[in-house]
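**Q** Need a 3D model of the sequence below.
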Amino acid sequence: EVQLVESGGDLVHPGGSLRISCTASGFMFSNYAMSWVRRAPGKGLEWVAGIRAGGGGASYADAVKGRFTISRDNAQDTLRLEMNGLNAKDAAVYYCHAIHITRWGRRVELWGQGTQVTVSS
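**A** Residues are numbered from 1 along each chain as shown. From the prediction side, this is the model:
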């Protein structure tokens with residue numbers, strides 16, 4: 001079964017740190033570019049960070065640049081997001097997103113179920 005399963009969401013204090021993970025199964029993880037996308041309460045989806053299939057080319061939204069670090073381990077089919085200096089604006093459901101363009105130009109996208117990050121004192 002093709003799956004992306006996020007984990008690690010938790011309640012943290014403002015200024016705190018958290019690492020969330022996404023474990024892939026049922027497909028060739030190393031062929032997919034990966035991203036973290038979040039949805040805050042009452043708001044739309046917001047792209048947070050992305051990384052290329054091979055592991056290079058990490059990029060970040062301005063709102064998290066310098067505080068968050070995306071990484072992947074293709075040997076373990078895992079994507080991670082290290083989050084530091086968390087604030088109330090970072091509170092959201094965080095989704096793992098995978099994308100691959102096949103040799104025939106077909107776009108394949110996969111989503112996880114999300115993990116909740118709450119920031120509160």
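
**Q** When you work out contacts or count neighbours from here on, use the C-alpha atoms and nothing else.
**A** Noted.

**Q** quick one, longest strand in the protein?
**A** Selection of the longest strand in the chain by residue count, based on DSSP state E, yields strand 92-101.

**Q** Pull the contacting residues for the residue most central in space within the chain.
**A** Nearest to the mean C-alpha position of the chain, by Cα atoms, centre = their mean, lies residue 36 at 2.5 Å. For residue 36, the set of contacting residues under the criterion of Cα atoms under 8 Å, 6 or more residues apart in numbering consists of 47-50, 81, 94-97.

**Q** Which positions in the host helix or strand of it come out as buried?
**A** Element membership for residue 36, per DSSP states H and E: strand 33-39. Neighbour-count burial for strand 33-39, with 16 or more other Cα atoms under 10 Å as criterion, is recorded at 33-39.

**Q** pLDDT for those - can I get that in TSV?
**A** Compiled in TSV, the buried residues of strand 33-39 are given as follows (pLDDT from 0 to 100):
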residue	pLDDT
33	97
34	98
35	98
36	98
37	98
38	98
39	98
